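Trainee: sequence first, then the predicted structure, then my questions.
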Amino acid sequence: MQSVRLNRLRGLMEQQGLEALLVTNATNRLYMTGFTGSAGYVLVTGQRAVLLTDFRYMTQAPQQAVGYEVMEHASSPMDTVRSILGTEGLGKLGFEQQDVSYGAYLAYGQALAGIELVPTDKLIETLRLVKDDTEIAVLQEAADLADRTFHHIAGLLKPGLAERDIALEIELFVRRGGAASTSFETIVASGERSALPHGKASDRIIGSDEFVKLDFGAYYKGYCSDITRTLFVGKPSDKHREIYDIVLEAQLEALARIRPGMTGREADAVAREVIKRHGYGDYFGHGLGHGLGMEIHEEPRLSPTGNIILEPGMVVTVEPGIYLPGFGGVRIEDDIVITENGNRRLTQSSKDLVVIS
């Protein structure tokens, strides 16, 4: 796997005239090498692929970073980088501009005097856009765990519980299921708070006749899942059912029509037009979805500004919502993988409105 990714990266480097690339982003380091340690640099040239780390990882790193030279870097890592570049006679080094602070850039400039520093724009993130079969299999496992978690929580939910207690039970369940953690800080938002798109769990006690929005995921084997379901405690009014049904219609329409060749903007418009048609366009203020993988938010974005063309192997969320201040809100979210002819859902939990008496 690492050799395939190295070959693809070198192809991008060649297109951009880069003799060498320094990888500092932790997620990109993990993607390229398989090394799970907390510190290290990856230096890729046309001939060499080197993982630089410190004493703590000199046993672990060679076991994980198959196909890489593993070196213990000097107390100043850039001294080791300079030595390697000098050995190969290289005078130009690409760096990850989204990851390197201005202070680090100045320090690199001093330590690597005489070497041209070239900012690069998401080279490895471009590779990460399309998932391979192994990645998709792990993402499916993470989605399955999210589904089991939802089923578990739906069976426990009742009036009188605090939002924080539900979030804690979600955390415990995904960890018992093999996840390292949840994918992000769990959202549990009930009553009027369900109108907060990112209403993190609070001390609020769940009452009666109100929505409860659950948004969570499992960080499993290095990959994230992300699911949202909105339940109802008590007896839903006609208004509650109306906005739930509109969001569900928008989500189902998007799932039916999203396919390769569309841009993120076009995918977003499918669901957005449904919500606008019902008169709630002003209450759907975020994008339809986002890429999903080693990080919870990746490219491509399904939003009014999303210009990346969807391709088979990309994994994205589909999560329309309506949020009415003072009343409540609904979001329904699934993870999907783009296929040759359309898309396939990874999350499979029922989207019928769950009513808890």
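Mentor: That came through fine.
Trainee: skip the chain neighbours and tell me the closest residue to T24.
Mentor: Excluding the flanking residues, the one nearest T24 by CB to CB, 6 or more residues apart in numbering is D99, at 5.0 Å. Heads up, the C-betas are built off the backbone N, CA and C, glycines and all.
Trainee: list the contacts of that neighbour.
Mentor: Contacts for D99 (CB atoms under 8 Å, 6 or more residues apart in numbering) come out as T24, N25, N28.
Trainee: out of those, which is most surrounded?
Mentor: N28 (22 neighbours; other CB atoms under 10 Å).
Trainee: ok, the residue most central in space within the chain - contacts?
Mentor: Geometric centre of the chain, nearest residue: I296, 2.1 Å, by CA atoms, centre = their mean. With contact set as CB under 8 Å, 6+ apart, I296 has these partners: S183, F184, G217, C224, D226.
Trainee: buried members of those residues into ChimeraX, please.
Mentor: Those of the contacts of I296 that count as buried under 16 or more other CB atoms under 10 Å are selected in ChimeraX with:
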select :183,184,217,224,226
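Trainee: could you export the contacts of I296 as TSV, including pLDDT, distance to R56 and secondary structure?
Mentor: TSV is the format used below for the contacts of I296 (pLDDT from 0 to 100; distance: CB to CB, whole Å; DSSP: H, G, I helix; E, B strand; the rest coil):
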residue	pLDDT	distance to R56	secondary structure
S183	98	27	coil
F184	98	28	coil
G217	98	30	coil
C224	98	26	strand
D226	98	32	coil
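Trainee: on that earlier part again, from A142, how far out is the residue nearest to the centre of the chain?
Mentor: As judged by CB to CB, to the nearest Å, I296 and A142 stand 11 Å apart.
Trainee: what sits in contact with each of the two?
Mentor: Counting by CB under 8 Å, 6+ apart, the residues touching both I296 and A142 are S183, G217, C224.
Trainee: thought I309 was touching R265?
Mentor: No - with contacts counted by CB atoms under 8 Å, I309 stays clear of R265, the gap being 10.2 Å.
Trainee: quick one: which of the contacts of D99 sit in helices?
Mentor: N28 (DSSP state H).
Trainee: I'd like the contacts of D99 as CSV, with distance to P119 appended.
Mentor: Formatted as CSV, the contacts of D99 follow (distance: CB to CB, whole Å):
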residue, distance to P119
T24, 12
N25, 13
N28, 15
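Trainee: out of the contacts of D99, which is nearest to G94?
Mentor: Comparing the contacts of D99 against G94 with CB to CB picks out T24 as the nearest, at 11.0 Å.
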